[in-house]
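Q: can't give you the sequence, but here's the structure:
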């Protein structure tokens, strides 16, 4: 079996990890990685279920487990494509649904949703100079300009990334009120005089 984990200096991600046991009394959860390593954590969350499969992320002093939206989902690293920068081909990861040999291809580290569905990344890069005041405003909330701009774009366009049908580009609205106010701002700032 191929080990399917990604690692950086600060984090390790294990795909197709499975919750082996949850002991609420001892406040302990055992998660098994795809290559059979057992990892024990000092928590027992009620919303987790034994046998659930997903992504285990371990960072310095912390960890997260996100269950797949479709429990049939499996990584298929043997079918991954590393990309070819010289020819302009982007890398992709491969997934499949348990019992199927149909490949689901998407960006590396992205996890498809229910039935392997997702909304493909069709973004286009835009580069603009940003004034220092905007940097300062974002920093006052502990955010980067990119986070704020991505959030606004998602709100004004009504983009939502649902667990069952996630967006490969990562755009997701901050909520219904935020979408409403962003739309009102856009209509007031840039009215459609043709209507």
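A: Now that the structure is in, tell me what you want to look at. What you are looking at is a predicted structure, and each value in this text was computed from that prediction instead of being measured.
Q: ok, the spatially most central residue of the chain - contacts?
A: What sits nearest the mean C-alpha location of the chain, by Cα atoms, centre = their mean, is residue 110, with 5.7 Å. Residues in contact with residue 110, defined by Cβ atoms under 8 Å, 6 or more residues apart in numbering, are 93, 118, 166, 168. In this view, the C-beta of every residue, glycine as well, is placed from N, C-alpha and C.
Q: can you do 7 Å?
A: By Cβ atoms under 7 Å, 6 or more residues apart in numbering, the contact set of residue 110 is residue 168.
Q: in what helix or strand does it lie?
A: Per DSSP states H and E: residue 110 is located in neither a helix nor a strand.
Q: One more: residue 99?
A: Counting by DSSP H and E, no helix or strand carries residue 99.
Q: burial of residue 92, as a residue count?
A: Burial measure for residue 92: 17 neighbouring residues, criterion other Cβ atoms under 10 Å.
Q: low-confidence ranges in this structure?
A: Residues of the chain that meet the criterion pLDDT under 70 lie in 1-9.
Q: And the helices in it, which stretches?
A: Under the criterion DSSP state H, the chain carries helices at the ranges 132-140, 145-157, 176-189.
Q: buried ones in the shortest one?
A: Counting neighbours by 16 or more other Cβ atoms under 10 Å, one finds that the buried residues in helix 132-140 are residue 138.
Q: out of everything not next to it in sequence, what's closest to residue 98?
A: Spatially, and ignoring its direct neighbours in sequence, residue 98 is nearest to residue 72 (4.2 Å; Cβ to Cβ, 6 or more residues apart in numbering).
Q: Okay, that neighbour and residue 185: tell me how far apart.
A: 42 Å (Cβ to Cβ, to the nearest Å).
Q: who's residue 75 bridged to?
A: residue 95 (DSSP bridges).
Q: What is the neighbour count of it?
A: So residue 75, with other Cβ under 10 Å, has 19 neighbours.
Q: I figured it was touching residue 15, is that so?
A: Yes. With contact defined as Cβ atoms under 7 Å, residue 75 and residue 15 form a contacting pair (4.6 Å).
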